[in-house]
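Q: give the three-dimensional model of this entry:
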Amino acid sequence: MRILRKGRPIGIAAASLLLSACGSAPAAAPPVTGVPSASIEVPLSSVGCTTSGTCLAVGASNRLGGLSAVAEYRGTRGPWHSLAAPTAPSARIEAISCAATTCLVGGAQPAGTFLWRFDATSHTLSPLTAPAAAQDLRALSCSSDSACALVDSTSVLGPARLAFTSDAGATWTTPVAMPWTQNATVTALSCSAATCLVAASAATEVLLESTSDAGATWTALAASSTWRSLGDLTCWSTYCAALAVGGGAALVRTRDLGATWTTLALNPSTRAIACSDLTHCVVAGQTPSGQGSLARVLKRRVHALALAYVPEPLIGAACAVHTCVAIGASTLVALSN
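A: Next up, the predicted model:
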């Protein structure tokens, strides 16, 4: 190749420099770097972010002795900080939901359900009293710092129950049974304004229903026959996004509160999704070699992200307005949204 300038040839090397200066390909984005969790003894299992930008990662151990629960928090920027967690021997954390400046965390232990409240202002995690008689707390959803809902159960095969709080979890309404969840496992709950959506996995299908009267009546919603589980459900008014699993994995979204859904296929190894709105999401999972994988979804396009120091699958994700995070059992990842 010869490029002429004022009648004189320019060599290949010089031409390359000229082309580079005029419009070279943009440099590759630096990898998103993971950091180890504060404790390798107790695995992380759940993560959530307040809309104000503080994210909370929690985990519990099924061991009877030693450290039983761990928690870490992070602001919109900066490092993760260890947080004192209530004692929770032989526990498992099942659910987390955050609002503007607080999060509720719940799960099960031999004595029954447990419930914690995280205050992102004071950076404290304190125990609350959950509704009585439940064996397992399955899902949480907070539409504000004071208004939250939970789904729990009193037996393995019996119907789940729905309860509400208007005082940040200090007291709860009497739980209302959901007969349609008999012999099914509730996998997701999201409440927006006066309407709640609940998803449950039955033997061969996903059940998806909504209530606008605190569980007195229910309306069945569209659910694909290919879905076997629906999780990570988040709703904003009539818009919702969720992770559907069944013959693969997909980000499913609705603009009419579950009457119809659109589907975006994801890597089959996807373990979690989180969205800050209907068009901006992160997808967490694992590579074929077992390391963590992370991708952004912008509208209908999936963009894989380069990762560094993420040696294990990423199992949970959460987003605030400007920040998203993901966790593995002993790894934490954060990126600007």
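
Q: contacts and neighbour counts: CA atoms only from here.
A: Will do.

Q: how about Leu56: what's its closest non-neighbour residue?
A: Tyr73 (4.5 Å; CA to CA, 6 or more residues apart in numbering).

Q: and the gap between that neighbour and Glu41?
A: 18 Å (CA to CA, to the nearest Å).

Q: neighbour count for those two, which is higher?
A: Between Tyr73 and Glu41, counted using other CA atoms under 10 Å, Tyr73 has the larger neighbour count: 21 against 16.

Q: surely the more buried one meets Ser82?
A: Yes. At 6.7 Å, Tyr73 counts as touching Ser82 under the criterion of CA atoms under 8 Å.

Q: hang on, the earlier thing: mind listing the residues bridging to the residue nearest to Leu56?
A: Per DSSP bridges, the residues bridged to Tyr73 are Leu56, His81.

Q: pLDDT wise, what is it at?
A: Looking at Tyr73, its pLDDT reads 97.

Q: now for it: which residues touch it?
A: By CA atoms under 8 Å, 6 or more residues apart in numbering, the contact set of Tyr73 is Thr54, Cys55, Leu56, Ala57, Trp80, His81, Ser82, Leu83, His123.

Q: any idea how far it is from Ala329?
A: 15 Å.

Q: quick one: buried residues of the one helix or strand Ser126 maps to?
A: Using DSSP states H and E, Ser126 falls within strand 124-128. Within strand 124-128, the residues that qualify as buried are Thr124, Leu125, Pro127, Leu128, counting by 16 or more other CA atoms under 10 Å.

Q: cool, and stretch 184-202?
A: For stretch 184-202, the neighbour count (16+ other CA under 10 Å) marks 184-192, 195-202 as buried.

Q: okay, now it: how far is its last residue from its first?
A: Taking CA to CA, stretch 184-202 runs 4 Å from one end to the other.

Q: show me where the stretch 201-337 of the chain has strands.
A: Assigned by DSSP state E, counting those that start in this stretch, the strands in the stretch 201-337 of the chain fall at 206-211, 219-220, 229-236, 239-245, 249-254, 262-266, 272-277, 280-286, 292-298, 301-305, 307-308, 316-319, 323-327, 331-336.

Q: among those strands, single out whichever gets nearest to Gly112.
A: Proximity to Gly112 (CA to CA) singles out strand 229-236 among these, at 23.2 Å.

Q: CA atoms only: put that closest one into PDB for me.
A: C-alpha atoms of strand 229-236 as PDB (Å, rounded to 0.1, in the frame of the first residue of the first chain):
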ATOM      1  CA  SER A 229     -38.800 -21.500  37.300                       C
ATOM      2  CA  LEU A 230     -39.200 -17.700  37.500                       C
ATOM      3  CA  GLY A 231     -36.900 -15.800  39.800                       C
ATOM      4  CA  ASP A 232     -35.300 -12.400  40.400                       C
ATOM      5  CA  LEU A 233     -38.600 -10.700  39.700                       C
ATOM      6  CA  THR A 234     -38.700  -6.900  39.900                       C
ATOM      7  CA  CYS A 235     -41.600  -4.600  39.000                       C
ATOM      8  CA  TRP A 236     -41.900  -0.900  38.400                       C
END
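
Q: which neighbouring elements make contact with that strand?
A: strand 185-192, strand 195-201, strand 239-245, strand 272-277 (3 or more CA pairs under 8 Å, 6 or more residues apart in numbering; DSSP states H and E).

Q: just want the angle from that strand to strand 185-192.
A: 10 degrees (axes from the mean of the first three to the mean of the last three CA atoms, to 10 degrees).

Q: list of residues touching strand 229-236?
A: The contact list for strand 229-236 (CA under 8 Å, 6+ apart) reads 187-192, 199-201, 205-206, 240-246, 257, 272-275, 277.
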